[in-house]
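Student: any chance you could fold what I've pasted below:
(4 chains)
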Number of protein chains: 2
Amino acid sequence: MRRSSEDTKASILVAARERFAADGYDRTTIRAIAADAAIDPSMVMRYFGNKEKLFAAAADFDLQLPDLADVPRDRIGATLAAHFVERWEADEALMVLLRTAVTNEEVAGRMREIFAGQLGPLAVSLSGDPGSAARRAGLVATQMLGLALCRYVLRLPPVVEMTHQEVVAWLGPTLQRYLLGDAYGG
Amino acid sequence: MRRSSEDTKASILVAARERFAADGYDRTTIRAIAADAAIDPSMVMRYFGNKEKLFAAAADFDLQLPDLADVPRDRIGATLAAHFVERWEADEALMVLLRTAVTNEEVAGRMREIFAGQLGPLAVSLSGDPGSAARRAGLVATQMLGLALCRYVLRLPPVVEMTHQEVVAWLGPTLQRYLLGDAYGG
DNA sequence: CTCCAATGTCAACGCTTGTTGGCATCAGTG
DNA sequence: CACTGATGCCAACAAGCGTTGACATTGGAG
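Tutor: Alright, predicted model coming up:
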């Protein structure tokens, strides 16, 4: 039996995600993805059109932020920190996005949409003040993405060595303050 | 008069820094740098050997952390936050490094050295506890690099719009806690 | 002046890339 | 069986890349 079209498409996507996550958009070649998927490069083009569309398919992504309605107000920062670490380690989609957004304006725009569209509303619903919500969401993004950058991309040893619990213990209060506190440590 | 060797070298370096900062290592071409510097691509090779060496010359970098001995202990976080924003905006060297470190393991290693070698000692001298100093430095790196990523690379609008004072007001307490406080908001 | 080293230009090389079109091979249908 | 459409492979293209070596031009030293 020869593989079905869907099987091939799926195996291409798996290989593409791994390559894009490991090497970023530019350094990833269609030929390498095809080799990983054990097919001919031309099949990639047949099924996904071109490299850009393949990337778009591989980087389809949702932050999947948890529902924070039932979380005690003083545990929101910790809950968010824990969720973010787990979400990041669940699959390679965020890695794909970050590694490419840094040198690709279009993908950077997509990252802006994700954080504005998913973190923004959360900040609005949590903080009483809609005027500061966008900034609060932005601050949360700086700490979350900074952690991801240092832990998963640059691999700074002290950051890599932290356990989930330690990350939550240190970053939780920070996110808590950004979302619900004031600038001066409130 | 024809340009001196040093003038040419310098103009190549200027063009290289701009290109590397804007596009990252892979997307930057020797040809583009040469065009910016108004010379032939072969001159770049003559003066810098190859693309890697040119990058090394363009990304030569020092965090130039300030002396914190005279800073009041409760102002250290704010001072560090202010210095970092100014240092980042002073020239393009950090941008060059970050844009490339994300997809280049060798440059990532250099980034690790910079933050371990310059932020580490500072954390040691500040916190009484040498055992936690590396982790504290790592935490500071997550917040500093996260800010840089969101503000200068991804350009998240709410983060871009913050003034220097606002950045210091929000991030100062975070850095303060990472360096001198304990995990649970102390 | 002549000569020579420094500075710069030009054309080309070998390689890799994304992408394309033609051809082979198989599964299922009549 | 023949036929057809889906699936896959192969070879090649044009473009861009880093890099190289030969050649031209300048300016100062003797």
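
Student: any idea how far A:R75 is from A:P173?
Tutor: Per Cβ to Cβ, to the nearest Å, A:P173 is found 11 Å from A:R75. In short, each C-beta sits where N, CA and C put it, glycine included.

Student: what about those two, which has more around it?
Tutor: A:P173 (25 against 13; other Cβ atoms under 10 Å in any protein chain shown).

Student: so which elements touch the helix or strand encompassing the more buried one?
Tutor: Under the criterion of DSSP states H and E, A:P173 resides in helix A:164-180. With contacts taken as 3 or more Cβ pairs under 8 Å, 6 or more residues apart in numbering or on different chains; DSSP states H and E, helix A:164-180 sits against helix A:76-90, helix A:120-126, helix A:130-148, helix B:130-148, helix B:164-180.

Student: so how many other residues sit close to A:V85?
Tutor: For A:V85, the count of nearby residues is 21 (other Cβ under 10 Å).

Student: so what's it up against?
Tutor: Contacts for A:V85 were tallied using Cβ atoms under 8 Å, 6 or more residues apart in numbering or on different chains; they are A:L147, A:H164, A:V167, A:V168.

Student: same question for A:R155.
Tutor: Counting by Cβ under 8 Å, 6+ apart, A:R155 makes contact with B:A108, B:R112.

Student: local confidence estimate at it?
Tutor: pLDDT recorded at A:R155 is 98.

Student: figure out the helix or strand that the residue nearest to A:F48 when sequence neighbours are not counted lives in.
Tutor: Distances taken as Cβ to Cβ, 6 or more residues apart in numbering or on different chains place A:L54 nearest to A:F48, at 4.0 Å, with adjacent residues excluded. A:L54 is part of helix A:51-58, with elements assigned from DSSP H and E.

Student: how about A:I114?
Tutor: helix A:105-114.

Student: quick check: the residue nearest to A:F48 touching A:A16?
Tutor: Yes: with contact defined as Cβ atoms under 8 Å, A:L54 reaches A:A16; the gap is 5.6 Å.

Student: anything in contact with each of the two?
Tutor: Overlap between the contact sets of A:L54 and A:A16, as judged by Cβ under 8 Å, 6+ apart, is given by A:I33.

Student: what residues go with each domain of chain A?
Tutor: Residue ranges for the domains of chain A, per automatic domain parsing: A:5-58, A:73-180.

Student: ok so, going back, which among the contacts of A:V85 gets closest to DNA strand D?
Tutor: Nearest to DNA strand D out of the contacts of A:V85 is A:L147 (Cβ to the nearest atom of the strand; 32.7 Å).

Student: pretty sure the closest one is in contact with B:G146, am I right?
Tutor: Yes: between A:L147 and B:G146 there is a contact at 6.9 Å, judged by Cβ under 8 Å.
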